[in-house]
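Novice: I would like to see how this sequence folds:
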Amino acid sequence: SATFQAVAVRFLALLAGCSAEFLVLDPADYREHFVEGWPGPYLNGSGSGEVNESTFEWATQNLPLFDSGDPDLVQAYYYRVKSYKSHIIPTGYADLRHVVSEFGPAVSWGGPYGTINAAAGHHLTEGRWIRDRSYMQELTRFWAGSQVGGGVSGGGGAATVPFEPAIGHFPNGSRGAVANCPYSSWILTGALRAAEVQGDLSLGVDLHGTGVTFADVLADMVQWWDTRSLQLRTDCIIANGGKTFGGDPACLDKPPQDGVPYCYIMADGWDAMEGSVSGPGCRPTIGAMMWSEALAISTIANLTHNTSVGETFQRRADYIQAWYLANLWNPTSQFFGVYKQGAEFSGMGGCTSATLQNKTDPNCCCVTDPHPTGHYANFSTCPPPSPPAPGNATACAAAAVAGTSPRHSSSWECGKAVSVRELLGLGPPYYFGITPRSANGTQYDGMWAQLFDPEGFWADWGPTTVERRTTCFNKTQDMGECNWAGPSWPYETSRVLTGLANFLIDYPEGQAAAAAMTASNFSTLLKTYARSMTRGNATNGSVPWVGENIEPDKGFWVARSIMYRGGDGHIDPKHPWLPAADNPLVDPVNCSACEGTCYDRGWSDDGRKCTNMPKEKAEAIGPCDDGCSCVPPPTSYDYHTHSTISCCHATPSCDKKRLPTADKDRGKDYNHSTFIDIIIAGLVGLRAAFGTTLVLQPLADSSVGPFALDNLYYHGANLTVVWDPQGARWPKVGCAGLCVYVNGTRVANSATLTRLRVTVG
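Specialist: Sure thing, here's the model as predicted:
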């Protein structure tokens, strides 16, 4: 039967993929990297100072070993392998058995099993190199269904049970939960990248053993893209009279019209970049994502013989790209910036219904015409250009501390891209590839120089999120946990590194040369990124470490430091470095008022004093920790297996103490970026693609030294890449120079680090 054949195919594929044979490196030599520090990957630790045997075994079965002459790269690589494994969460579903979480401890804004769509594209990109393909196949289906609230795909399957490939089901057939998708994301792009490593469009089998492919979830992908575009694209919002849901989809296939913005709007917080200098508007991030998602749908449609859908989405992508390049580019700053058009209409876009009434919204933009007409008739006139918009550093910091700042976006002129340079204008355009390719280079390529300019984005611990020349650089003065006005965020650093790798490898060689970008630029930034994890300072933590954001000049993890000092809104600007225990702005815990099972001042009625909590809520948010606070656990927790001791009787008691925030440890091993993928696809330079030809172009310079990537599973084959210039580092394989092996046989070699093409499959 078809069902039996599908199961048999999957079984044979798993057998073929389980053979992890190392040609160059010995797994025993890398066990030390799986020794736990405190507190160890969440829910996966075996104790401080001990090797996490289960993670070590999983890693050597599923991911290649890596070594190089740079110890920070090696340490960071295995740390990220270990931390990624800790975020693979079992669901209990019979079909979609695992998902990938963002935080370790669950957070209140997360979805089932700790899923959050903001970094789901990173999760798929990072996990695509895992040998067991079921992880990313099932994650793809989970998000394809979540994006449309439960899935629209159907057809086939058992006669009496619906075929629901994008929904998880428990063994009894009941449906599982789906996640929310409020943030910008690039799930389809990440899913397609994973399929390129796999070499085909298979997505495993459903609850009934029926084979699933991308063709089965194509309808979900199309519906999501259409719905999201109606919600966020300005021309559609305008055409539908301000409606962001349920509008006429005819706008999606119309080309840009003169005078009508054709771009995707979003508040910076929903773009995972709260507190940015430029604020809400048509952001280069979401615009490039939606362009890339359209191309992913087009590619999938063409590969599954849905050519009409493929042509439609290629045309839609072309319209988006043309308007993006022409209007999100600021000729003054020579950088992509947030386009302020003053008609965003909704909180998701950052502005409010005031704009519908031709009234100024201070979060939008201003006009330069002293006598504005039409939509902008009642908008405010832009202030004089001195001091430079949007203010000066002192004023920005004072407003941020006082909580009165509208993020300073009211100084931006309507109908233009902002002139401030932010990293969001560099990474995404090249990460997704919306910038054009030309052998002679383009005007956009000059942005790369700012990345390495000490007055631009460069810093010792990672690139800043806004250039230093900007007058509101670091406006929160390290007193805001999640601010994108200065600190270095691995989320964006990893997109910039991937974008730079794309530029150096996938774009014409002359284009990178014209921009003066080389492999040394890539290696320098990659090593800086690695050192932020291996040598950065995490308050009351350990190394290696990756958190939300790191101070670019001082090397401490910002959000964690602030939470241990009392959290957002509890930092005294006159004494900002007081720990929570000595900080008078932090309210003491009143544990003596607690009764019952589990309490936390953050969940109480008045926010200050513990109150009675119903058993249902206690079961929903989990047991108390020893800090007298409740941390919402992953859904996979069984409440009844945990302690129900009251906070009042905790030992030692926390009564009357001033404590760090209840979620102080949320950023440990934060799964909000990539690193494994950057090593494989960037430093080693393996460029996954459908077909039998694999391109390899390493981006290591001499400072990296010899390197080896051993036993990577790609298109059903085991690949090993060795760079050993003199053949002295790993003499047993007899490689002097650059060598590529497929299933143990050398198939290509070169005396220098150069571009190679090999046949796989």
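Novice: Please count neighbours and contacts with C-alpha atoms only from this point.
Specialist: Fine.
Novice: for the host helix or strand of Ala144, which positions count as buried?
Specialist: Using DSSP states H and E, the secondary-structure element containing Ala144 is helix 134-146. The neighbour-count criterion (16 or more other Cα atoms under 10 Å) identifies 134-146 as the buried residues of helix 134-146.
Novice: pLDDT averaged over it - what is it?
Specialist: For helix 134-146, the per-residue pLDDT values average out at 97.
Novice: Format the CA atom coordinates belonging to that helix as PDB.
Specialist: This file holds the C-alpha atoms of helix 134-146, laid out as PDB (Å, rounded to 0.1, in the frame of the first residue of the first chain):
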ATOM      1  CA  SER A 134      12.600  14.600  11.000                       C
ATOM      2  CA  TYR A 135      13.400  17.500  13.300                       C
ATOM      3  CA  MET A 136      13.200  20.100  10.600                       C
ATOM      4  CA  GLN A 137      10.600  18.400   8.600                       C
ATOM      5  CA  GLU A 138       8.200  18.400  11.600                       C
ATOM      6  CA  LEU A 139       9.200  21.900  12.600                       C
ATOM      7  CA  THR A 140       8.400  23.100   9.100                       C
ATOM      8  CA  ARG A 141       4.900  21.500   9.300                       C
ATOM      9  CA  PHE A 142       4.300  22.900  12.700                       C
ATOM     10  CA  TRP A 143       5.000  26.500  11.600                       C
ATOM     11  CA  ALA A 144       3.200  26.100   8.300                       C
ATOM     12  CA  GLY A 145       0.000  25.200  10.200                       C
ATOM     13  CA  SER A 146       0.600  27.800  13.000                       C
END
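Novice: For that helix, which helices and strands make contact with it?
Specialist: Counting contacts by 3 or more Cα pairs under 8 Å, 6 or more residues apart in numbering; DSSP states H and E, the secondary-structure elements packed against helix 134-146 are strand 98-100, helix 120-127, helix 187-198, strand 202-205, helix 214-232.
Novice: between it and helix 214-232, how big is the angle?
Specialist: 40 degrees (axes from the mean of the first three to the mean of the last three Cα atoms, to 10 degrees).
Novice: Just the residues contacting helix 134-146, thanks.
Specialist: For helix 134-146, the external contacting residues (Cα atoms under 8 Å, 6 or more residues apart in numbering) are 95-100, 117, 124, 127-128, 151-152, 165-168, 178-181, 187-188, 191, 194, 202-204, 217, 220-221.
Novice: let's see it at 7 Å
Specialist: 96, 98-99, 124, 127-128, 151, 165-167, 178-180, 191, 194, 203-204, 217, 220-221 (Cα atoms under 7 Å, 6 or more residues apart in numbering).
Novice: about what we covered before: for Asp67, which of the helices and strands packed on helix 134-146 is the nearest?
Specialist: helix 120-127 (18.2 Å; Cα to Cα).
Novice: Mind listing residues that contact the closest one?
Specialist: 100, 136, 185-187, 190-191, 193-194, 672-674, 676-677.
Novice: all helices of the stretch 251-400 of the chain, in order?
Specialist: Secondary structure of the stretch 251-400 of the chain (DSSP state H, counting those that start in this stretch): helices located at 284-303, 307-327, 393-402.
Novice: just to revisit the earlier point, would you show me how to pick out the buried ones of the contacts of helix 134-146 in PyMOL?
Specialist: For anyone working in PyMOL, the buried entries among the contacts of helix 134-146, judged by 16+ other Cα under 10 Å, can be selected with:
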select buried, resi 96+98+99+124+127+128+151+165+166+167+178+179+180+191+194+203+204+217+220+221
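Novice: Next one: the nearest residue to Arg97 once chain neighbours are set aside relative to Gly433, how far apart?
Specialist: For Arg97, the nearest residue in space outside its immediate sequence neighbours is Thr91; the separation is 5.4 Å by Cα to Cα, 6 or more residues apart in numbering. As defined by Cα to Cα, to the nearest Å, Thr91 lies at a distance of 34 Å from Gly433.
Novice: which one of these two has more residues nearby?
Specialist: Here Thr91 and Gly433 are set side by side on neighbour count (other Cα atoms under 10 Å), and the busier one is Thr91, at 22 against 19.
Novice: Can you verify my assumption that that one contacts Val100?
Specialist: No: with contact defined as Cα atoms under 7 Å, Thr91 and Val100 do not form a contacting pair (9.9 Å).
Novice: shouldn't Gly337 be in contact with Gly427?
Specialist: No: with contact defined as Cα under 7 Å, Gly337 does not count as touching Gly427 (11.8 Å).
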